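Asks: Below: sequence and its predicted model.
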Amino acid sequence: VMWASSIACGDCVPCRIHREPTLCENRRTYGVNRPVDQEPGLSGAWADYICLRPGTAVVKVPEGIDPLAAMAFACAGPTMVHALYERRPVRVGETVVVQGSGPVGLAAAALAELSGAERVILVGGPQARLRTAAEAGIGDHHVDIVGAADQATALAEVMELTGGRGADLVIEATGVPAAIDQGLRLARRGGSYLVVGQYTDSGDTTVNPHQIVYRQLDVVGSWAFTGAHLVQYVGLLPALTRRFDLARLVTRYDLEEHGRALADVAAGAVLKAVLVS
Ligand SMILES: [Zn+2]
């Protein structure tokens, strides 16, 4: 089984009136704002046992799905299901640019392909991550902007891959504020910019707001996910694993090796570290 990392209260104004439980004012998230010193403790996942509270969405993983493959997008998958099912769906035949090649970026690219995008251009780095994405079958084009000697040249290459006009949809999955101004300029006139990666407040950035008006962009944000999005993600696992080699994205560590796993993630040496108890 998999379970959703957060629980919405069902009682606040966003839950009841706005019908947006991801925006719950009392959202409780395992490992974030459920301290282990609160009864009954055992609220983190880096452990042999976790105590699941009432209201947790628990979903059975379909038979035959490799648990490591399911974990590749365990958080990124439902995050992108929320963004792409509800905030700004991919339309058949669209050209999609994804900024960022971590799990959220790769989940965005994989789901865009499943949704019928004509072309998916993954812009990220370092090169090893892009290579792994390509080996897993994710993305049609892979542009290394992290290791590029000159970012302007990398961005010009992306623009050329879109056919020169920019993408119908640009999805931001970097978490880097400076990526926003670049992303605005990668969308075609009349296109959309879906911002997902700025989940952590990493500070201010400079954008040219003329780009939003001149390009007549729809700029859309998407915050987190709920249990319903996890159910939908798990439902997609057979289709995702048929088309993409998700297990290839995962590096497995024993639970005792959590320090090494953290260091490897910090160094960008692995894409998705998974602790196995
Ligand atoms: Zn609520």
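Replies: Happy to help now that I have it.
Asks: only C-alpha atoms for contact and neighbour calcs from this point on.
Replies: Fine.
Asks: Over to the closest residue to the ion within the stretch 51-200 of the chain. Which of the three states is it?
Replies: Residue of the stretch 51-200 of the chain nearest the ion, by CA to the ion: G55 (12.0 Å). Going by DSSP: H, G, I helix; E, B strand; the rest coil, the secondary structure assigned to G55 is coil.
Asks: wouldn't it be in contact with S5 here?
Replies: No - using CA atoms under 8 Å, G55 makes no contact with S5, being 11.0 Å away.
Asks: Can you name every helix or strand that the longest strand anywhere in the chain contacts?
Replies: The residue-count maximum for a strand in the chain (DSSP state E) belongs to strand 187-195. Strand 187-195 sits against strand 167-172, strand 218-221, with contacts defined as 3 or more CA pairs under 8 Å, 6 or more residues apart in numbering; DSSP states H and E.
Asks: highest average neighbour count across those strands?
Replies: Burial of the helices and strands packed on strand 187-195 is given as mean neighbour count (mean count of other CA atoms under 10 Å); strand 167-172 ranks first at a mean of 28.
Asks: if we can go back for a sec, more crowded one of G55 and S5?
Replies: Each of G55 and S5 has its neighbours counted (other CA atoms under 10 Å); S5 has more, 22 against 13.
Asks: Pull up the gap between that one and F244, please.
Replies: S5 is 24 Å from F244, where distance means CA to CA, to the nearest Å.
Asks: now swap in I171 and tell me
Replies: Note on I171: its distance to F244, by CA to CA, is 20 Å.
Asks: now the angle from the longest strand of the chain to strand 167-172?
Replies: Interaxial angle of strand 187-195 relative to strand 167-172 (axes from the mean of the first three to the mean of the last three CA atoms, to 10 degrees): 30 degrees.
Asks: Outside of strand 187-195 itself, list whatever touches it.
Replies: Identification of contacts with strand 187-195 by CA atoms under 8 Å, 6 or more residues apart in numbering yields 83, 87-88, 165-173, 183-184, 214-222.
Asks: Now find how far off-centre that strand is within its chain.
Replies: Here the centre of strand 187-195 is set off from its chain's centre by 18 Å, with CA atoms, centre = their mean, to the nearest Å.
Asks: Direction included, what does it pair up with?
Replies: strand 167-172 (parallel), strand 218-221 (parallel) (DSSP bridges).
Asks: Near the ion, which residues of the protein? Just list them.
Replies: Contact residues, the chain versus the ion (CA under 5 Å from the ion): 8-10, 12, 15, 24.
Asks: Please render those residues as CSV that adds distance to G44, neighbour count and pLDDT to the earlier fields.
Replies: Shown next, in CSV, are the residues of the chain next to the ion (distance: CA to CA, whole Å; neighbours: other CA atoms under 10 Å; pLDDT from 0 to 100):
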residue, distance to G44, neighbour count, pLDDT
A8, 18, 22, 95
C9, 20, 16, 94
G10, 23, 18, 94
C12, 25, 17, 98
C15, 25, 19, 96
C24, 21, 21, 96
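Asks: Can you pick out the most distant pair from the residues you listed?
Replies: The most widely separated members of these are A8 and C12, with 9.0 Å between them, by CA to CA.
Asks: Need the overlap of contacts for those two.
Replies: Shared contacts of A8 and C12 (CA under 8 Å, 6+ apart): 24, 26.
Asks: before we move on, the earlier item: got a markdown table for the helices and strands packed on strand 187-195, with mean pLDDT too?
Replies: Conversion of the helices and strands packed on strand 187-195 to a markdown table gives the following (pLDDT from 0 to 100):
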| stretch | mean pLDDT |
| --- | --- |
| strand 167-172 | 98 |
| strand 218-221 | 98 |
